[in-house]
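Novice: Sequence isn't available, so here's the structure alone:
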Ligand SMILES: NC(=O)C1=CN([C@@H]2O[C@H](COP(=O)(O)OP(=O)(O)OC[C@H]3O[C@@H](n4cnc5c(N)ncnc54)[C@H](O)[C@@H]3O)[C@@H](O)[C@H]2O)C=CC1
Ligand SMILES: N[C@@H](CC=O)C(=O)O
């Protein structure tokens, strides 16, 4: 029997994501120990209310309302509470005490990321945030590390599961906006305040993170143009469908060159766009996400997978969970709809995507 050193984990928040993280840590302890070379022990889970109803998979004896004490005894802190405060304060406390931190909190990173990264660097701690963009899709590390030697030119992303789910239900089932949103909330896709999803704030935060990583600069969330899907009606969706399009909330991040000055800049924007049904992004159904990266040397890469909520094994032949037909489709930027917003993919940009 191998003797592993023990790393103690503090989990902050036991909601949709935190609950699943707790289950994974508890169920796969031996396998994780062998892989990590250390036993990852879930020391406690900080919650607001010890008696709130929660799934059986979360052991009651691990719950505490004293987040600070839990943090100060941990080697690794996983923050999955969401929101700005006290998440920010807790992460600063964790880093300051020498713990490494993992967070899925894009709102916090987009607004206070610099402060957190500066402290992490100063104390030599790690701050990981893979789940902050694209849910289960590995996109942060590929952009930060794997593509570090390449030059990313543009990113097109479906980065919000809730809005993709809502638009998909309107498109495929003729469901009205409110009914589809209620289902997205029930399934744990939406943020505690779903207006963050619907109004495009969540996607804008993710766009700011993606653009900062891809273009090696700091793109503040205030610099991201943002338009949500609250104004999209069933009629819009239906008209788009008849014309061969599907409405998707896209995050678009790209390099810009000012021809007058020769200066390079960055543009990041989020808005509902018409996407040709032939384009791979049109096949991203339900709460799935996809990030389409156009890079100088690597060409076009598409990262696809579960973007929100708990991942469930898809049933065979499930239309909502099948991956897009990569490598076969082209985009048509013409727009017949009254919203006049199209997916800005050029034909050449979308002509040879590969799944990653
Ligand atoms: N739901 C999803 O699919 C995804 C969510 N995220 C991010 O992960 C984080 C968590 O999201 P969800 O699990 O969906 O949220 P949730 O609302 O389901 O869970 C958050 C939990 O934290 C608890 N909490 C809030 N403040 C607390 C405090 N001060 N002390 C102790 N507990 C506290 C809440 O009571 C709740 O149980 C958010 O930052 C979200 O943006 C990231 C990727 C996917
Ligand atoms: N509310 C978010 C959750 C994941 O980041 C979404 O719908 O994508």
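Specialist: Noted; the coordinates are in hand. Given the structure is predicted, the values throughout are model-derived calculations rather than measurements. Ligands and ions are numbered 1, 2, ... in the order given.

Novice: could you pull out the helices for the chain?
Specialist: Along the chain, the segments classed as helices by DSSP state H run 16-27, 29-36, 67-72, 87-96, 106-123, 140-141, 161-173, 177-186, 195-198, 201-214, 234-242.

Novice: most packed of those helices?
Specialist: helix 201-214 (a mean of 27; mean count of other Cβ atoms under 10 Å). Heads up, the C-betas are built off the backbone N, CA and C, glycines and all.

Novice: give me the number of residues near the spatially closest residue to residue 33 that is not a sequence neighbour?
Specialist: Residue nearest to residue 33 in three dimensions, not counting chain neighbours: residue 39, with 4.5 Å by Cβ to Cβ, 6 or more residues apart in numbering. Applying other Cβ atoms under 10 Å, we find 17 other residues in the vicinity of residue 39.

Novice: Who is residue 39 paired with across the strands?
Specialist: residue 6 (DSSP bridges).

Novice: Go ahead and confirm it touches residue 6.
Specialist: Yes: when contacts are counted by Cβ atoms under 8 Å, residue 39 is listed as touching residue 6 (4.7 Å).

Novice: Spit out the contact partners of the residue nearest to residue 33.
Specialist: Residues in contact with residue 39 (Cβ atoms under 8 Å, 6 or more residues apart in numbering) are 4, 5, 6, 7, 29, 33.

Novice: Kindly reformat those as JSON lines containing distance to ligand 1 and pLDDT.
Specialist: As requested, those are arranged in JSON lines below (distance: Cβ to the nearest ligand atom, whole Å; pLDDT from 0 to 100):
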{"residue": "4", "distance to ligand 1": "28", "pLDDT": "91"}
{"residue": "5", "distance to ligand 1": "28", "pLDDT": "95"}
{"residue": "6", "distance to ligand 1": "24", "pLDDT": "96"}
{"residue": "7", "distance to ligand 1": "21", "pLDDT": "97"}
{"residue": "29", "distance to ligand 1": "22", "pLDDT": "93"}
{"residue": "33", "distance to ligand 1": "25", "pLDDT": "95"}
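
Novice: For those, give me CSV that also has distance to residue 282.
Specialist: Supplementary listing: those in CSV, determined by distance: Cβ to Cβ, whole Å:
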residue, distance to residue 282
4, 47
5, 49
6, 48
7, 43
29, 41
33, 42
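
Novice: now for those residues, which pair is the farthest apart?
Specialist: 5 and 29 (14.0 Å; Cβ to Cβ).

Novice: Tell me how far the residue in the chain positioned nearest to ligand 1 lies from ligand 2.
Specialist: Closest contact between the chain and ligand 1, by Cβ to the nearest ligand atom, is at residue 15 (1.8 Å). Per Cβ to the nearest ligand atom, to the nearest Å, residue 15 is found 11 Å from ligand 2.

Novice: Roughly how far does that residue sit from residue 83?
Specialist: 11 Å (Cβ to Cβ, to the nearest Å).

Novice: now swap in residue 92 and tell me
Specialist: 15 Å.

Novice: what's the answer for residue 259, then?
Specialist: 42 Å.

Novice: who's more crowded, the two?
Specialist: Between residue 259 and residue 83, counting by other Cβ under 10 Å, residue 83 is the more crowded of the two (14 against 7).

Novice: Without its sequence neighbours, what residue ends up closest to the more buried one?
Specialist: residue 107 (6.8 Å).
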